[in-house]
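Enquirer: predicted model, plus sequence, below.
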Amino acid sequence: MKPSRSLLLLAIAGVVAACGGNAASQVAFNSRFAQCGPRGQAVYDYLRSGVDSSGDHNLDVGFADQRASILKQPDTAQDGLMRAAAQKQVTACEQAAAPSLAIPVGPGVTSDTITLGLITDLSGIFASYGKTVLRGSQLFWNDQNKKGGVCGRKVELLVKDHGYNVQNAVGLYVGMQPKVLAFQQLLGSPEVAAVLGSIGTDQVLTMPVSWSSKLLSNPYIVLTGTTYDLEMINGVEWLMRNKGLRSGERIGDIYLEGEFGENALAGTRAAAAANHLTVVEQRIHSTDKDLSAQVQALKAAGAHFTAMTSTPAQVASVAAAAAALHYDLTIIGSNPTFDPSILTGPAGPTLSQSFYVVQSYSPYSGDGVGPATVRSEYAAAYPNRPVAASSPDYGYGTAEIMYRILDAACRNGSLERPALLKAFHTLNAVDTEGLIAPLNYSSPTQPPARQVLIAQPDAQSPGGLKVLQPFFSTPTAQTFQPS
């Protein structure tokens with residue numbers, strides 16, 4: 001004779017009670033499926049409190065009678081019965097989700113793991129930035145893996161350092177590509193350009209830590225924000241609205257040779273054409289340290305504003321040279337032209353007064369649920385590690401975007417690379433709770449975002465940047481079509 005369900009639940013309750021389990025804080029409904037653990041927790045919380053915290057708010061329909069029945073039982077049995085009922089929901093959820101383990105998969109996917117690649121700069125000119133972007137992504141996947149990962153699998157990151165060297169990046173890509181489902185990060189415009197053709201041939205979805213609109217031609221590139229040209233259009237027009245740049249005047253543009261600088265320069269030129277400005281262009285190389293000659297050229301041309309697309313150290317060099325000449329020069333910099341370390345040098349006071357950053361992701365000190373979450377988790381995980389202004393937020397946000405893609409592909413029944421591409425282009429409203437500007441990937445040849453924020457160096461703010469103006473876009477940026 002089989003025992004009744006109620007007797008089984010009472011037996012489970014007795015075991016739980018004997019172990020001293022009373023407090024809700026001791027409950028953990030873990031599952032390899034991301035949706036199942038939270039489902040069990042919501043049921044348990046409802047049975048205890050009568051408050052429906054589920055996403056669909058339908059627990060009153062399915063569990064009101066069960067809750068009433070449990071509350072009639074002895075106090076010592078109630079909590080165990082509630083836990084058993086919640087665990088039953090976790091089990092049912094897992095049984096429904098289990099077919100996802102049998103779906104077709106691509107490289108880097110096993111029955112319990114999805115491996116994503118990261119090729120970044122951990123030792124070159126953008127090492128500070130690269131390290132903290134990486135930590136932000138690791139924080140997200142640590143969180144998501146605790147919730148069950150994605151498609152019944154944990155996500156693992158295969159991380160390699162190219163040192164901001166193109167040849168290194170190419171070699172690492174060739175070696176890693178067969179071992180990963182997609183690339184969570186590939187840092188650097190020159191590095192991305194060197195493997196762009198292979199990315200298309202290999203059909204491997206790739207998130208560049210680069211925002212060049214030239215990348216829009218490759219459907220496998222996942223741009224994670226506003227492109228460099230749109231950044232500068234917004235930035236230049238913000239200067240006109242807020243800092244005294246006027247129609248008919250000259251504006252400098254100090255830009256790195258290559259796609260990074262030249263794509264931002266295209267934005268400065270477009271803003272200048274729309275607003276009757278003259279651009280004084282100054283091309284530099286990543287190895288240039290002393291930019292006093294470029295500053296002197298801007299001063300001679302009569303420009304009191306300049307755009308910059310460079311390394312943070314080069315921004316500091318320009319600010320120091322302008323201060324030495326008693327030259328009033330306001331700088332608007334693309335991301336990632338700022339690092340907190342430049343505030344501690346001789347140019348620090350000048351930068352705090354006359355340097356602004358235009359970007360499409362929140363600084364570390366930003367408002368909103370997303371930035372607050374990252375700040376709390378980063379401080380706990382890396383209490384003695386420096387923060388590169390905005391990059392933990394960006395890293396966390398980009399990992400969330402990748403999760404959305406993987407989850408959509410899983411729900412569509414495949415973790416093969418072509419399925420990821422299809423899932424990617426179905427995402428038309430990606431909200432990262434303030435970490436990155438709102439994103440729409442449903443038009444592959446268009447920038448996924450056009451909004452930016454303006455930030456200013458501030459030594460008192462966590463990460464060294466504070467938001468001056470939240471996300472916005474100007475009319476010129478809204479209609480601009482990248483060439």
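Expert: Received the coordinates, thanks.
Enquirer: ranges for the strands of the stretch 1-150 of the chain?
Expert: 113-120 (DSSP state E, counting those that start in this stretch).
Enquirer: run through it and note the low-pLDDT ranges.
Expert: For the stretch 1-150 of the chain, applying pLDDT under 70 flags the ranges 1-27, 32, 55-56, 95, 97-100.
Enquirer: first-to-last residue distance for stretch 410-417?
Expert: Length of stretch 410-417, first residue to last, CA to CA, to the nearest Å: 11 Å.
Enquirer: list the buried residues in that stretch.
Expert: Neighbour-count burial for stretch 410-417 flags 410, 414-417 (criterion: 16 or more other CB atoms under 10 Å). Placement of C-beta: from N, CA and C, glycine included.
Enquirer: tell me which of those fall in strands.
Expert: Judged by DSSP state E, strands contain none of the buried residues of stretch 410-417.
Enquirer: could you dump those into TSV and include pLDDT?
Expert: What follows is the buried residues of stretch 410-417, written out as TSV (pLDDT from 0 to 100):
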residue	pLDDT
Cys410	93
Ser414	95
Leu415	97
Glu416	97
Arg417	97
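Enquirer: phi and psi next, for the closest residue to Tyr164 other than its chain neighbours.
Expert: Nearest residue to Tyr164, sequence neighbours excluded (CB to CB, 6 or more residues apart in numbering): Gly124, at 3.1 Å. Here is the backbone geometry of Gly124 (degrees, to the nearest 10): phi -110, psi -150.
Enquirer: so, low pLDDT: which residues of the stretch 351-483 of the chain?
Expert: Scanning the stretch 351-483 of the chain for pLDDT under 70 picks out 386, 388-389.
Enquirer: could you pull out the strands in it for me?
Expert: If DSSP E, counting those that start in this stretch is used as the criterion, the strands of the stretch 351-483 of the chain fall at 355-359, 452-457, 465-472.
Enquirer: ok, back up a step: neighbours around the residue nearest to Tyr164, how many?
Expert: For Gly124, the neighbour count with other CB atoms under 10 Å is 17.
Enquirer: which residues touch it?
Expert: Residues in contact with Gly124 (CB atoms under 8 Å, 6 or more residues apart in numbering) are 130, 162-165.
Enquirer: so which of those residues are in helices?
Expert: Of the contacts of Gly124, the ones assigned to helices by DSSP state H are Gly130.
Enquirer: give me the domain ranges for the chain.
Expert: If you go by automatic domain parsing, the domain ranges for the chain are 5-97, 113-225+370-427, 228-359+469-479.
Enquirer: TSV for the ones you listed, including distance to Gly434?
Expert: Shown next, in TSV, are the domains of the chain (distance: least, CB to CB, whole Å):
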stretch	distance to Gly434
domain 5-97	20
domain 113-225+370-427	4
domain 228-359+469-479	9
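Enquirer: Pro438 is nearest to which of those?
Expert: Minimum separation from Pro438 across the domains of the chain (CB to CB) falls at domain 228-359+469-479, 7.8 Å.
Enquirer: how far does that closest one stretch from one end to the other?
Expert: 15 Å.
Enquirer: who's in contact with stretch 469-479?
Expert: The contact list for stretch 469-479, computed with CB under 8 Å, 6+ apart, reads 230, 233-234, 237-238, 242, 270-271, 274-275, 360, 367, 437-438, 450-454.
Enquirer: can you say which of those are buried?
Expert: Among these, those scoring as buried are 230, 233-234, 237-238, 270-271, 274-275, 360, 437, 450-454 (criterion: 16+ other CB under 10 Å).
Enquirer: Ile103: which of these is nearest?
Expert: The closest of the buried ones among the contacts of stretch 469-479, once distances to Ile103 are taken by CB to CB, is Ala437, at 32.4 Å.
Enquirer: tell me which residues in stretch 371-380 are buried?
Expert: 371, 373-375, 377-378.
Enquirer: distance between it and the chain's centre?
Expert: 14 Å (CA atoms, centre = their mean, to the nearest Å).
Enquirer: Gln177: what secondary structure?
Expert: With DSSP: H, G, I helix; E, B strand; the rest coil as the basis, Gln177 sits in helix.
Enquirer: how about the residue nearest to it when sequence neighbours are not counted, phi and psi?
Expert: Closest residue to Gln177 apart from its sequence neighbours, by CB to CB, 6+ apart: Asp202 at 5.5 Å. Asp202 adopts backbone torsions of phi -80, psi -10, taken as degrees, to the nearest 10.
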